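Peer 1: Would you be able to build a 3D model of this:
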Amino acid sequence: MSQLFRSAYQFSTRLSTKNFLRPLIVSNAFSTSSPRDIQNITVYGSGLMGAGIVQVAAQNGFKVTMVDIEESFIENGINIIKTSLKRQFKDDANKQKEAIESTLSNIKTSTDPSKSAENADLIIEAIVENIKKKQDLFSKLDSVAPQSAIFTSNTSSLPIIEIAKITKRGDKFAGLHFFNPVPRMKLVEVIKTENTSDETYESLIEVTKKMQKTPVTCKDTPGFIVNRLLVPYLLEAIRLYERGDATFKDIDTAMKLGAGMPMGPFELSDFVGLDTLKSICDGWRDSNKVDTNLVASIKVLDDLVKEGKRGRKSGEGFYKYPSK
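Peer 2: Next up is the predicted model:
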């Protein structure tokens, strides 16, 4: 075993720690289909994920409409974009100003979901992680969007085929899973259902590349690639702590210094959101598509969520965070 760890360590020293968790790029499947020319993108949701997707699309020349149910949400989304661009060009005031102006010039906003879909080549949904609400949205959009429009969901854990079945365009429906924070994270998972056409798939690969992202492909399986591997790891770390085998701080330190992880599992769980982690865990358990031992409920996680301790976003999870 020690030889195994020595070999792994020697290999890992040749890799940047920052890239240690980045998935390997998989080769795109060969296809005779030509991708569609996508110019107009409509994004539903203006939170961290939605605003981030809008930013990278607009920054790379796409015409984007950001849609949400209230103007105040949209204003917050625009502020998220401005703050991100200021951070990106913090050392050059002129480039910062140019980036904000050019990016915002490609963005329109709306609180009218139906009208916003009328000229869309691609629709990206980034609303709350609730399958009924996603289905309701796509059901409305299916009757007003152009027949050629591609529908995608940014869900991190829900089955794409279940969201898509509410529409009449299964061949033009796929998953497009970005990672938070979107402007910085290079990866996008392109999720193919059994009905997704090659043309749709190729079009999404092209779009993600034009957004300066690296696409990887996965079938419509629970958690896709990253979360299917990551969530059981986070849950097992919590079980290790719950049994009293080690403190959560020592587990974080061990995984950062012993395995080269940029964040420990408890830091990462707080960053993801303990309510989100629990929701994924519960959903997979109910689906019967994942080994139930991997996603068995954990009392310490359930109790924290009940107490409103959801991680960074609530100011406390496993760790406490200073108020902003």
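Peer 1: doesn't residue 141 make contact with residue 168?
Peer 2: No - in this structure residue 168 lies outside contact range of residue 141 using C-beta atoms under 8 Å: 11.3 Å. For glycine as for every other residue, the C-beta is placed from the backbone atoms N, C-alpha and C.
Peer 1: ok, how many other residues are close to the closest residue to residue 159 other than its chain neighbours?
Peer 2: Take residue 159 and drop its neighbours on the chain: the residue closest to it by C-beta to C-beta, 6 or more residues apart in numbering is residue 220, 6.0 Å away. By other C-beta atoms under 10 Å, the residues close to residue 220 number 20.
Peer 1: begin at 25 from here
Peer 2: From this message on, residue numbering opens at 25, which makes the last subject residue 244.
Peer 1: on that earlier part again, more neighbours: which of residue 192 and residue 165?
Peer 2: Neighbours of residue 192 and residue 165, each counted by other C-beta under 10 Å, are more numerous for residue 165; the result is 23 against 13.
Peer 1: okay, the more buried one: pLDDT?
Peer 2: Residue 165 is assigned a pLDDT of 98 by the prediction.
Peer 1: just the one 5 residues further on next, same as before
Peer 2: Listed pLDDT for residue 170 reads 97.
Peer 1: For residue 181, what are phi and psi?
Peer 2: phi -150, psi -20 (degrees, to the nearest 10).
Peer 1: separation between the closest residue to it other than its chain neighbours and residue 244?
Peer 2: Leaving aside its sequence neighbours, residue 181 sits nearest to residue 304 (C-beta to C-beta, 6+ apart; 4.4 Å). Relative to residue 244, residue 304 is positioned 16 Å away (C-beta to C-beta, to the nearest Å).
Peer 1: and the residue nearest to residue 181, helix, strand or coil?
Peer 2: Classification of residue 304 using DSSP: H, G, I helix; E, B strand; the rest coil returns helix.
Peer 1: Run through the residues that contact it.
Peer 2: By C-beta atoms under 8 Å, 6 or more residues apart in numbering, residue 304 lies in contact with 180, 181, 247, 251, 255.
Peer 1: Contacts only, for the second one.
Peer 2: Pointing back at residue 181 there. By C-beta under 8 Å, 6+ apart, the contact set of residue 181 is 153, 246, 247, 251, 303, 304, 307, 308.
Peer 1: Using the three-state scheme, assign the third one.
Peer 2: This means residue 247. Classification of residue 247 using three-state DSSP returns coil.
Peer 1: any idea whether residue 200 is helix, strand or coil?
Peer 2: Classified using three-state DSSP, residue 200 is strand.
Peer 1: For it, the count of nearby residues, please.
Peer 2: The local packing of residue 200 (other C-beta under 10 Å) involves 26 other residues.
Peer 1: What distance do you get for it to residue 276?
Peer 2: Taken as C-beta to C-beta, the span from residue 200 to residue 276 is 31 Å.
Peer 1: picking that back up, now the contacts of residue 181 in TSV, with distance to residue 289 and pLDDT?
Peer 2: As requested, the contacts of residue 181 are arranged in TSV below (distance: C-beta to C-beta, whole Å; pLDDT from 0 to 100):
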residue	distance to residue 289	pLDDT
153	21	88
246	19	92
247	16	93
251	14	94
303	18	90
304	14	91
307	20	88
308	18	91
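Peer 1: got those residues as CSV, with distance to residue 105 columns?
Peer 2: Output for these, formatted as CSV (distance: C-beta to C-beta, whole Å):
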residue, distance to residue 105
153, 22
246, 32
247, 28
251, 26
303, 27
304, 27
307, 30
308, 33
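Peer 1: Make a ChimeraX selection of the buried ones in the residues you listed.
Peer 2: The ChimeraX selection below is limited to those of the contacts of residue 181 classed as buried (16 or more other C-beta atoms under 10 Å):
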select :153,246,247,251,303,304,307,308
